[in-house]
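In: Give me a 3D structure for the following:
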Amino acid sequence: MPIAIFRSGDLYFIRFSINRRPRRAAFVIGNFTAFMKPIELEFCGSDYCAYVSLPPGDYYYRYLVDGEVVLDDGPTENGFNVLRLSGFVKRIPENRRRLFRAIYGIFVDRFGCKREGGPRDRLGGDLLFIKDKLSYIKSMGFDAVYLTPIFKAMSYHRYDVIDYLNVDDDLGGNKAFRELLRRAHELGIKIILDLPIHHTGSDHPAFKSALSGDQEYSRWYYIYNGDYEKFMDVRRMPKLNMKFAGEWVKGVVLHWALMGVDAFRIDVGAGIPPWFLWDLRNFINKPLIAEVWGDPFLWRNAVDGVMNYQVWEPLIKFLRGEIDAEDFVQVLKRQLNVLPKHFLVNSWLFMDTHDTPRAVTMLNNDIEKLKAALVFVYTWVGTPMLYYGDEVMLEGGPDPDNRRCMDWKRVNGPNTLHEFIRRLSELTLTPRHVIANSSDLTYYDDKFEVRLSNEPRRYNGGILSGDYFVIKSR
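Out: Numbers count the residues shown, from 1 in each chain. Next up, the predicted model:
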């Protein structure tokens with residue numbers, strides 16, 4: 001029962017495991033658990049395991065399996081195995097700073113289409129094409145790229161995963177992903193990987209085993225009365241039970257973290273218990289951003305930030321004239337009051353995503369309103385995230401129409417937002433005050449003031465200005 005040891009930077013990641021099935025429970029205990037039993041081994045597919053991250057040091061451990069002491073092979077002292085992790089103990093950095101300046105989001109299959117087809121077909125976008133466009137992305141001021149899932153999966157969107165440890169061959173496989181990582185890091189760009197761990201695909205081997213009656217795999221899912229829990233009633237997306245599948249999930253995340261992935265976006269984060277995301281974040285020591293539609297309060301201490309849909313919806317409604325500034329500001333002030341500052345700073349602000357209609361379509365092709373939305377995304381408290389194609393005003397209605405192929409012919413055309421986005425990326429605001437007045441809102445810090453309106457004001461002057469916005473020095 002040898003342990004597996006991995007290292008990344010100043011942290012070690014240890015996989016403790018036993019090969020026998022406990023009748024009741026199995027624990028790993030040691031000086032790193034204060035010799036108590038908080039870490040229970042869970043079924044991990046081929047054995048029972050638990051993942052623990054530790055700094056360098058000397059440690060003692062053993063297993064308790066149904067109350068019986070079990071030791072690994074190797075050196076022992078006083079009834080415990082000895083684990084020596086070499087190196088100097090350094091301060092482990094906390095993710096309480098701004099993690100990214102600005103993020104470029106890519107729906108992988110549609111960024112570089114190679115073939116024609118229907119809206120739910122695989123159209124051939126791959127990772128090597130993205131690698132070749134990294135300089136283009138960096139030129140607009142982005143320092144991170146967010147990729148929708150890249151794993152082997154059932155559908156074109158790849159949110160129904162069947163193999164979490166390998167890149168889909170249609171995208172170029174593991175080799176192409178390593179090349180993308182290498183080139184991105186050479187350019188100072190971080191890679192954020194989308195993790196669909198709320199559910200697997202229904203063709204995943206674990207779910208097939210669960211349906212066949214395997215007792216251990218059955219606990220990974222919620223199966224009862226001939227049916228099972230799933231995402232949004234989609235039968236090909238059975239929901240995982242983190243009480244029993246959590247250690248296996250940790251191993252998946254560790255695999256990609258060790259490969260060099262810089263951060264993770266947690267798909268359907270609001271459907272995963274905050275306690276598990278807190279545990280995962282503390283284990284992996286990499287930033288986690290959760291997808292949360294609605295109030296993110298319960299996740300404020302579990303992850304580094306969320307996709308801030310709670311702000312996205314009133315932003316669009318305000319610019320469409322469906323709510324007034326007071327209603328919009330009420331949402332903003334509540335978040336300022338109840339959410340930690342570092343959490344808000346690292347939560348993503350956006351005009352649209354692969355789950356919403358395109359902003360330019362929602363705003364009736366009003367380019368000035370689109371610019372106003374961009375101004376808010378870049379100057380309010382948060383991290384701007386741009387969905388691929390926003391810079392060329394790519395249109396699209398609800399899913400799957402919002403996932404059209406990137407129109408590369410527009411990139412060199414006369415009507416793009418590249419320079420506008422680049423200029424916004426040079427600004428740094430930390431708004432402390434926000435004021436509403438019917439159709440206008442104003443927020444500012446010590447250096448800059450931003451005014452937005454949902455009625456045409458045709459502002460002039462300032463650092464940047466347009467029909468619905470102005471950014472001025474104070």
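In: Tell me which helix or strand Lys138 sits in.
Out: Using DSSP states H and E, Lys138 maps to helix 134-139.
In: counting contacts, what elements does that helix pack onto?
Out: The helices and strands touching helix 134-139, judged by 3 or more Cβ pairs under 8 Å, 6 or more residues apart in numbering; DSSP states H and E, are helix 173-186. In this view, the C-beta of every residue, glycine as well, is placed from N, C-alpha and C.
In: Pull out the buried residues from the helix it packs on.
Out: Gly173, Asn174, Ala176, Phe177, Leu180, Leu181, Arg183, Ala184 (16 or more other Cβ atoms under 10 Å).
In: Just the pLDDT at the fourth one, thanks.
Out: Per-residue pLDDT puts Phe177 at 98.
In: any idea how far the residue nearest to Gly294 when sequence neighbours are not counted is from Trp220?
Out: Nearest non-adjacent residue to Gly294, counting by Cβ to Cβ, 6 or more residues apart in numbering: Gln310, 6.1 Å away. Distance of Gln310 to Trp220, given as Cβ to Cβ, to the nearest Å: 31 Å.
In: higher neighbour count, the two?
Out: Remark: of Gln310 and Trp220, Trp220 carries more neighbours, 28 against 20, as counted by other Cβ atoms under 10 Å.
In: leaving aside the residues next to it on the chain, what's closest to the more buried one?
Out: Closest to Trp220 by Cβ to Cβ, 6+ apart is Ala245, at 4.1 Å.
In: any idea how far that neighbour lies from Ser218?
Out: Counting by Cβ to Cβ, the gap from Ala245 to Ser218 is 11 Å.
In: Compare those two (neighbour count), which wins?
Out: Under the neighbour definition other Cβ under 10 Å, Ala245 and Ser218 were set side by side, and Ala245 has more, 23 against 20.
In: can I assume Ile29 sits in a strand?
Out: Yes. Looking at Ile29 with DSSP: H, G, I helix; E, B strand; the rest coil, it is inside a strand.
In: Please identify which helix or strand holds the nearest residue to Tyr468 once chain neighbours are set aside.
Out: Nearest residue to Tyr468 in three dimensions, chain neighbours excluded: Ala372, at 4.0 Å (Cβ to Cβ, 6+ apart). Here Ala372 sits within helix 367-379, counting by DSSP H and E.
In: For that helix, give me every contacting residue.
Out: 102, 315-316, 319, 349-351, 359-360, 363, 384-386, 390, 393, 415, 417, 420-421, 424-425, 427, 429, 431, 443, 448, 450, 452-454, 456, 464, 466-469, 471 (Cβ atoms under 8 Å, 6 or more residues apart in numbering).
In: 7 Å instead?
Out: For helix 367-379, contacts defined as Cβ atoms under 7 Å, 6 or more residues apart in numbering pick out 315, 319, 349-351, 359-360, 363, 384, 393, 420-421, 424-425, 427, 429, 450, 452, 466-469, 471.
In: How much space separates Tyr52 from Asn285?
Out: Not Tyr; residue 52 is Val. 12 Å.
In: shared neighbours of these two, anything?
Out: In contact with both Val52 and Asn285: no residue, using Cβ under 7 Å, 6+ apart.
In: Grab the nearest non-local neighbour of Ala373.
Out: Met351 (4.6 Å).
In: And the one you found, how far from Asp390?
Out: Computed as Cβ to Cβ, the Met351 to Asp390 distance reads 6 Å.
In: Now for those two: what residues contact both?
Out: With Cβ under 7 Å, 6+ apart as the test, Met351 and Asp390 both reach Ala359.
In: partners of Glu449 in the sheet?
Out: Tyr444, Lys472 (DSSP bridges).
In: Phe469 is in contact with that one, correct?
Out: No. Contact criterion Cβ atoms under 7 Å: Glu449 and Phe469 do not qualify, at 11.2 Å.
In: Which of the two has more residues huddled nearby?
Out: The neighbour comparison of Glu449 against Phe469 (other Cβ under 10 Å) goes to Phe469, with 23 against 19.
In: close enough to count as contact, the more buried one and Leu452?
Out: Yes. Counting by Cβ under 7 Å, Phe469 touches Leu452, with 5.2 Å between them.
In: if we can go back for a sec, OK, contacts around the residue nearest to Ala373?
Out: Ala359, Ala373, Leu374, Val377, Asp390.
In: same check, this time on Phe88
Out: Taking Cβ under 7 Å, 6+ apart as the test, what Phe88 contacts is Pro56.
In: how close does it sit to Pro55?
Out: Distance of Phe88 to Pro55, computed by Cβ to Cβ: 9 Å.
In: for Val392, same thing?
Out: Remark: distance between Val392 and Pro55 (Cβ to Cβ) = 47 Å.
In: What are the buried residues along the lengthiest helix in the chain?
Out: Identified as the longest helix of the chain according to DSSP state H is helix 242-259. Buried positions in helix 242-259, judged by neighbour count with 16+ other Cβ under 10 Å: 242, 244-254, 256-257.
In: Stretch 407-418 too?
Out: Leu417.
In: give me the low-pLDDT residue ranges for the stretch 351-474 of the chain?
Out: Along the stretch 351-474 of the chain, the model assigns pLDDT under 70 to no residue.
In: Quick check: Phe129 is in a helix.
Out: Yes. Counting by three-state DSSP, Phe129 is found in a helix.
In: per-residue pLDDT, the residue located most distally from the centre of the chain?
Out: What lies farthest from the middle of the chain is Asn78; by Cα atoms, centre = their mean that is 44.1 Å. Predicted confidence (pLDDT) for Asn78: 96.
In: Name the nearest residue to it, ignoring sequence neighbours.
Out: Tyr60 (7.7 Å).
In: Remind me what the helix or strand the one you found falls within packs against, helices and strands.
Out: When elements are assigned from DSSP H and E, Tyr60 belongs to strand 57-65. The contact analysis (3 or more Cβ pairs under 7 Å, 6 or more residues apart in numbering; DSSP states H and E) places strand 57-65 against strand 26-30, strand 68-70, strand 80-85.
In: Give the pairing partners of the second one; include direction for each.
Out: Read that as strand 68-70. strand 57-65 (antiparallel).
In: just the longest one next, same as before
Out: Partner strands and pairing direction for strand 80-85 (DSSP bridges) are strand 57-65 (antiparallel), strand 76-77 (antiparallel).
In: residues of the first one that come out buried?
Out: Read it as strand 57-65. Tyr59, Tyr60, Tyr61, Arg62, Tyr63, Leu64, Val65.
In: now those residues in a markdown table, with pLDDT and distance to Gly188?
Out: Output for the buried residues of strand 57-65, formatted as a markdown table (pLDDT from 0 to 100; distance: Cβ to Cβ, whole Å):
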| residue | pLDDT | distance to Gly188 |
| --- | --- | --- |
| Tyr59 | 96 | 36 |
| Tyr60 | 97 | 42 |
| Tyr61 | 97 | 40 |
| Arg62 | 97 | 45 |
| Tyr63 | 97 | 44 |
| Leu64 | 96 | 47 |
| Val65 | 97 | 48 |
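In: need those residues in TSV with distance to Asn337, can you?
Out: Output for these, formatted as TSV (distance: Cβ to Cβ, whole Å):
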residue	distance to Asn337
Tyr59	43
Tyr60	46
Tyr61	44
Arg62	48
Tyr63	47
Leu64	46
Val65	49
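In: and which of those is nearest to Lys208?
Out: Using Cβ to Cβ, Val65 is the member of these that lies nearest Lys208, at 28.5 Å.
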